[in-house]
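K.L.:
next input, structure requested:
(one chain, ligands or ions: 1)
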Amino acid sequence: MALERTLAIIKPDAIQKGVIGEIIQKMEEANLKPIGIKMLHLDHARAEAFYAVHKEKAFFADLVNFMASGPIIVLCLEGENGVAKWRVTMGATNPDQAADGSLRKDYGSDVQCNAVHGSDGPDTAQFEINFFFEQNDLYAYEWV
Ligand code: CMP
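P.N.:
Predicted coordinates:
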């Protein structure tokens with residue numbers, strides 16, 4: 001399996017809980033290498049653009065308000081089978097249904113405030129990485 005990149009977000013609820021470090025530690029333990037990291041605060045327009053695929057959903061307005069409610073951290077992760085591996089590390093969208101030991105089980109509060117985001121496939125990953133990162137925001141380095 002080739003190296004694959006994915007987009008991860010540490011959402012406002014997780015930042016407010018003070019678990020940035022624990023979440024990044026889980027990424028590294030899963031061999032998902034952060035090759036780009038930024039903290040930023042989305043405004044409503046940018047949150048709407050990022051989640052445009054959900055714009056017809058009943059929860060869209062609440063989701064946008066939540067994602068614009070405080071700073072987030074976006075990361076580009078790289079690893080073998082990176083998209084699927086990060087989704088397993090996160091756990092199910094609803095923390096009540098997430099597997100024991102997953103990030104959403106440990107740090108999510110409910111189906112909206114679920115601590116982290118991850119791309120749902122390689123094409124989405126490309127779009128989402130490009131949404132936040134320029135090519136020269138990403139860094140190649142080796143773990144030794
Ligand atoms: P995420 O993986 O970032 O993708 C879309 C987000 O919408 C999801 O995590 C949740 O934060 C939110 N979401 C998904 N389903 C629901 C729902 N049923 N009610 C409220 N928010 C939801």
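K.L.:
return the residues in contact with the nearest residue to residue 17 once chain neighbours are set aside.
P.N.:
In space, residue 17 comes closest to residue 107 once its chain neighbours are excluded; the distance is 6.2 Å by CB to CB, 6 or more residues apart in numbering. All C-beta spots, glycine's among them, are computed from the backbone N, C-alpha and C. Counting by CB atoms under 8 Å, 6 or more residues apart in numbering, residue 107 touches 13-14, 17, 19, 22-23, 115-116.
K.L.:
next, format those residues as a markdown table and append secondary structure, pLDDT and distance to the ligand.
P.N.:
Rendered in a markdown table, the data for the contacts of residue 107 read as follows (DSSP: H, G, I helix; E, B strand; the rest coil; pLDDT from 0 to 100; distance: CB to the nearest ligand atom, whole Å):
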| residue | secondary structure | pLDDT | distance to the ligand |
| --- | --- | --- | --- |
| 13 | helix | 98 | 9 |
| 14 | helix | 98 | 11 |
| 17 | helix | 98 | 15 |
| 19 | coil | 98 | 16 |
| 22 | helix | 98 | 19 |
| 23 | helix | 99 | 14 |
| 115 | coil | 99 | 9 |
| 116 | strand | 99 | 8 |
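K.L.:
list buried residues within those residues.
P.N.:
By neighbour count, with 16 or more other CB atoms under 10 Å, the contacts of residue 107 hold 13-14, 19, 23, 115-116 as buried.
K.L.:
just the helices in this protein please.
P.N.:
Listed in chain order, the helices found in the chain under DSSP state H are 12-17, 20-29, 44-50, 60-67, 82-90, 103-107, 122-132.
K.L.:
re the thing from before, pull the most distant pair out of the contacts of residue 107.
P.N.:
Farthest apart among these by CB to CB are 13 and 22. That separation is 13.5 Å.
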